[in-house]
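Colleague: coords below, sequence missing:
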């Protein structure tokens, strides 16, 4: 699941091989994260309108009359035409780890910035357990890796990532909308038949921490029970 490299220690490679994910602490600088926040705010206020961008709103706010702001956007996707946000995909400190899994011919796919909203009581801020490979029409899966960076402190209170270690060794499972009360956000498909007794790890992360994980790793996130937006 990883390639020979001089970046990861033997312990880090073994951990990824066994678990399918690896957290690197304090990888992205505060200054870069602030620049990404500003770029996102420009999109939210419609000051910036990158070509090809997909904007996803939380189902609980779709019918609201709010003027454009971060409070109406749960996620933006395919931001590759936004030069400032796409700079994340070129950061040398991120790419040196990505290359440990993909090799040197790196392509950025499925770019997104997640702005998990405070849950209004309908539990719509949850993201069901899923495998990213479900959304990818390209292979081989072992040469794909996700780089996911916390833009602030993230824990179970604001809906941190939950991963099922070792599930990257499983095949791709069928995905469909979960049968949840309160509605489900578009594109938020989930796995129906997973081992509910499988150990689950909640990734508590600080601003700049970055987790790299395999596209078959089963993961999701819980409700944001705070008043802030978890980026």
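Modeller: Right, received. Where do you want to start? Here the structure is a predicted model, which means the values were calculated and not measured.
Colleague: sec struct for residue 100, please.
Modeller: What DSSP: H, G, I helix; E, B strand; the rest coil gives for residue 100 is helix.
Colleague: what's the neighbour count on the residue lying closest to it once chain neighbours are set aside?
Modeller: Spatially, and ignoring its direct neighbours in sequence, residue 100 is nearest to residue 5 (4.4 Å; C-beta to C-beta, 6 or more residues apart in numbering). Where you see a C-beta, it was placed from the backbone N, CA and C, and this is true even at glycine. By other C-beta atoms under 10 Å, the residues close to residue 5 number 14.
Colleague: name the element residue 5 belongs to?
Modeller: For residue 5, there is no helix or strand it lies in under DSSP states H and E.
Colleague: Hmm, it is touching residue 99, no?
Modeller: Yes: between residue 5 and residue 99 there is a contact under C-beta atoms under 8 Å: 7.0 Å.
Colleague: Report pLDDT for the residue nearest to residue 100.
Modeller: At residue 5, the pLDDT value in this model is 98.
Colleague: Same question for residue 194.
Modeller: For residue 194, pLDDT reads 86.
Colleague: Check the one 4 residues further on too.
Modeller: Per-residue confidence (pLDDT) for residue 198: 95.
Colleague: So it: helix, strand or coil?
Modeller: Per three-state DSSP, residue 198 ends up coil.
Colleague: Against residue 213, how distant is residue 146?
Modeller: Per C-beta to C-beta, to the nearest Å, residue 146 is found 5 Å from residue 213.
Colleague: Sorry, wrong one. I was asking about residue 89.
Modeller: 16 Å.
Colleague: Identify the bridge partners of the residue nearest the centre of the chain.
Modeller: The centre of the chain sits closest to residue 148, judged by C-alpha atoms, centre = their mean, with a distance of 5.1 Å. Legend: beta-bridge partners of residue 148 under DSSP bridges are residue 211.
Colleague: does it really touch residue 213, like I thought?
Modeller: Yes: taking C-beta under 8 Å as the definition, residue 148 is a contact partner of residue 213 at 7.1 Å.
Colleague: which ones are touching the residue nearest to the centre of the chain?
Modeller: With contact taken as C-beta atoms under 8 Å, 6 or more residues apart in numbering, residue 148 is in contact with 161, 210-213.
Colleague: now those residues in JSON lines, with pLDDT, distance to residue 106 and neighbour count?
Modeller: Shown next, in JSON lines, are those (pLDDT from 0 to 100; distance: C-beta to C-beta, whole Å; neighbours: other C-beta atoms under 10 Å):
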{"residue": "161", "pLDDT": "98", "distance to residue 106": "22", "neighbour count": "22"}
{"residue": "210", "pLDDT": "99", "distance to residue 106": "15", "neighbour count": "22"}
{"residue": "211", "pLDDT": "99", "distance to residue 106": "18", "neighbour count": "20"}
{"residue": "212", "pLDDT": "99", "distance to residue 106": "13", "neighbour count": "23"}
{"residue": "213", "pLDDT": "99", "distance to residue 106": "16", "neighbour count": "24"}
